[in-house]
Structures are given as structure tokens and as C-alpha cells.
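[1] Fold the following for me, if possible:
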Amino acid sequence: MREEGKITVFLLDDHEVVRRGVHELLSAEGDIEVVGEAGTAADALVRIPATRPDVAVLDVRLPDGSGVEVCREVRSQNEDIKCLMLTSYADDEALFDAIMAGAAGYVLKAIRGSELLAAVRDVAAGKSLLDPVATARVLERLRDGGVAKGDDRLANLTEQERRILDLIGEGLTNRAIGERLHLAEKTIKNYVSSLLSKLGMERRSQAAAFVARMQAERQQHH
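    From the prediction side, this is the model:
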């Protein structure tokens, strides 16, 4: 029986030594309880919904798939589960994918234990934390890729499209956006296609990163 008030965590990593290390690190904390572990994506997809952790710490690279896919699948079933992606090196594509899958954070395995604990607590508290160095690099690349400085293109979006863009930025799937706005998933798909073409983008991940960049810039100005 899980104790009240503790942050429950599930660990997915195919390296037993890494898993054991993270497990010991987390378990030593009074406010955190590890409720399950897995070494493969298939195993995790069975166990995570069953244990319903507050936070799932997911290795991005797995022998049978990707932690990003696990995150997407888990969150499409239960959006209360926060996913923290764990990866060996900052990779722009993986960051895009993590933003799109609705991950709440993305941390490098090279971080210190205290930073991982802080990340787990922040994510459990509902904060989004995408590794600042990696995020900055992706946003830099987007800027160089011709995303205009002023957000003039936003002026072309209808109010509904802007709302949907914000929800894409929150990492929601089309289905989840449809439920939030009480519209059919197909309708949302049409809105997404329309707003992407107005923004001159091809992929949802570009739109999500665009939102992340705007939010980062807003925070810098405040």
C-alpha cells in the first residue's frame, strides 16, 4: 500500500545498474516512493498503467523501442502521469519528440543526483522542465531555420487556432485537445493542418517548439 503524500515514481531503463542507482537515490528520500521498474518498453506499457505513478522516469533509448513512444501511449491513457525523459545525450530530434509526446521534462543522465531529485519533484508538482541547454539549442536552430522574430504570423491565426496552438504547446494529443474543446478529433486535425500552413510549418513538433520558444522569450522579458 502506497503511503499518503509521497511522490510515486516508476523507472524505465534497460541498464540494470542505472536503474538500481536511480532507485536507491530516489528511495533514500522521505517524500519519494519507487512503485515499479521495467527494462523494456513492452513491460513498461503493462506496468505503468497498473501502478499509476505520479512520475514515470523513462529512458529514451530502449532495446524494443523508445521511451518517447511509451510516454505518448501512457499519457494518451492517463494524462495525470507525468513523464520525465532520461537520455545519455542531448539530441534535438528527441527533444522535439519529447515535447510532442507530452513529456514534462527531459534530463541528461550526466546530471547530478540532487538535480534529478529536483527534476522529479518539479515534474510531480506540475512544472514543465525541458533541459535548458538542449531546449535553447533546439530553439536556436528553429530561429536560424527562419522562424521570424516578431510573431507576426500569429496575427493570421483565428482565436480557435491560437487556442489549439497553445494546447499543442502543452503536449496534448489531437484527441485530448478535442475533449478539452468539445470538438471531434477530425475537426482538430483540420484546425492543426490550417494553423501549420499559416505558420509555414510541416510538423506539429515545429509548432510545439515554436510555442516553447515564445514562452521562453516571454519569461526572459519579465
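[2] Check which helices and strands the lengthiest helix in the chain sits against.
    For the chain, the helix with the greatest residue count under DSSP state H is helix 204-221. Identification of packing neighbours for helix 204-221 by 3 or more Cβ pairs under 8 Å, 6 or more residues apart in numbering; DSSP states H and E yields helix 92-101, helix 132-144, helix 159-169, helix 185-199. For glycine as for every other residue, the C-beta is placed from the backbone atoms N, C-alpha and C.
[3] Now the terminal residues of stretch 23-31, how far apart.
    13 Å (Cα to Cα, to the nearest Å).
[4] Report the beta-bridge partner residues of the residue nearest to Glu115 when sequence neighbours are not counted.
    With Cβ to Cβ, 6 or more residues apart in numbering as the criterion, Glu115 has its nearest non-adjacent residue at 7.3 Å, and that residue is Val107. According to DSSP bridges, the residues that bridge with Val107 are Leu86.
[5] Just the buried positions in stretch 17-24, please.
    By neighbour count on 16 or more other Cβ atoms under 10 Å, the buried set for stretch 17-24 is Arg19, Val22, His23.
[6] quick one: least confident helix or strand in this structure?
    Every helix and strand in the chain was compared by mean pLDDT, DSSP states H and E; the lowest is helix 132-144, with a mean of 59.
[7] correct me, but Gly113 touches Glu24?
    No - if you go by Cβ atoms under 8 Å, Gly113 and Glu24 don't touch, sitting 9.6 Å apart.
[8] Distance check, the residue nearest the centre of the chain against Leu11.
    By Cα atoms, centre = their mean, the chain has its centre lying nearest to Ala103, at 1.3 Å. Going from Ala103 to Leu11 by Cβ to Cβ, to the nearest Å gives 15 Å.
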